[in-house]
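# what shape does this take:
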Amino acid sequence: MEQLPQPRKPGQLWPESDAVFLNLGRSARKLRLAILAGVLFFTCTSAAGAIWPERFLDDGSGTAERVISAVFAVFLALVSLVIALMLVPTLFTHGLAVDRRGVWFLLSGRAEPVYWHQIRAIGGSWKEYKRTFKAGLGSRLGQELARSIVSENGKHMFALEVYPHDPDAFTEREPFSIHLRQTAREEPPVAGLPNARLRFPVPGNSDYREMAWHLYRTAPHLWIGEHQRDSVVW
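Numbering: from 1, shown residues only. Model prediction:
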């Protein structure tokens, strides 16, 4: 959690000063830095195998191993560059705030509120981090390393979900209209809830847990728990 940013204009619609604020940019930045560190580690090991095959490869006498290591090193370096570029959007502050009036989404200097009387239920969701078959020991170790970094006992891509009483009341408000369109065909986790909902992905597992716990303490009568989602988009 971070300190709530200040509004750009006096009198602007904004959460109260004591609101709890989760900066989704910072949350995404922590996760991507962890992934970048892992990719850089494997980049360095591949580069070491290409430069000093006699020290880092089982059979450093041939050139084939050096070529393969060099190819892997270049490929992973490009992946590292892509991840580094993906860090740029995380430098901008945006996220969720919760105060006595409701749940707010802050983006580009504006705040979009969902007041408590407009909310029918609140919950969380996650996706399963599925293992795929890997023939080599190194591949299996890499998969388990990635799984341990990005998942919580096989659960990842956590999101907070807000179910409004009347989803149609938010169809003209960005980015809520996007959330409603992308979740309109999903089955609700609890009978009686609308299909369409406001979904806020939280990249950092610990950040998700902290905000979910705060929402539960603030509005326990609205909390419906967590469920596994199988949505294709997010």
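
# when you work out contacts or count neighbours from here on, use the C-alpha atoms and nothing else.
Noted.

# nearest spatial neighbour of Q3, skipping sequence neighbours?
In this structure, Q3 finds its nearest non-sequential neighbour in F21, 6.4 Å apart by CA to CA, 6 or more residues apart in numbering.

# that neighbour against Q6, yeah?
No. With contacts counted by CA atoms under 8 Å, F21 stays clear of Q6, the gap being 11.6 Å.

# compare the two (neighbour count), which wins?
F21 (24 against 12; other CA atoms under 10 Å).

# mind checking which helix or strand the more buried one is in?
Following DSSP states H and E, one finds F21 within strand 20-23.

# contacts for that strand next, please.
Defining contact as CA atoms under 8 Å, 6 or more residues apart in numbering, one finds that strand 20-23 is touched by 1-4, 93-99, 207, 211.

# G25 versus the most centrally placed residue in the chain, what's the distance?
Computing the C-alpha centroid of the chain and ranking residues by CA atoms, centre = their mean puts P203 first, at 2.1 Å. With distances taken as CA to CA, to the nearest Å, P203 is found 9 Å from G25.

# circling back: so how far is the next helix-or-strand element following the strand holding F21 off the chain centroid?
Downstream of strand 20-23, the next assigned helix or strand under DSSP H and E is helix 24-51. Taking CA atoms, centre = their mean, to the nearest Å, one finds the center of helix 24-51 at 17 Å from the center of the full chain.

# what's the answer for stretch 166-174, then?
For stretch 166-174, the distance to the chain centre is 24 Å (CA atoms, centre = their mean).

# identify each buried residue in it, please.
For stretch 166-174, burial by neighbour count (16 or more other CA atoms under 10 Å) applies to 167, 170.

# next, the distance between the ends of that stretch.
Stretch 166-174 stretches 16 Å from its first residue to its last (CA to CA).

# what's in contact with it?
Against stretch 166-174 from outside (CA under 8 Å, 6+ apart): 118, 176-177, 180, 194, 196-197.

# my read: R181 touches A196, true?
Yes. Using CA under 8 Å, R181 is in contact with A196, at 7.1 Å.

# ok, these two, which is more surrounded?
The residue with more neighbours, out of R181 and A196, is A196; 23 against 13, by other CA under 10 Å.

# ok so, going back, closest to T43 out of the contacts of strand 20-23?
Nearest to T43 out of the contacts of strand 20-23 is D207 (CA to CA; 28.8 Å).

# quick check: the gap between the closest one and S177.
25 Å.

# nothing else from me, thank you.
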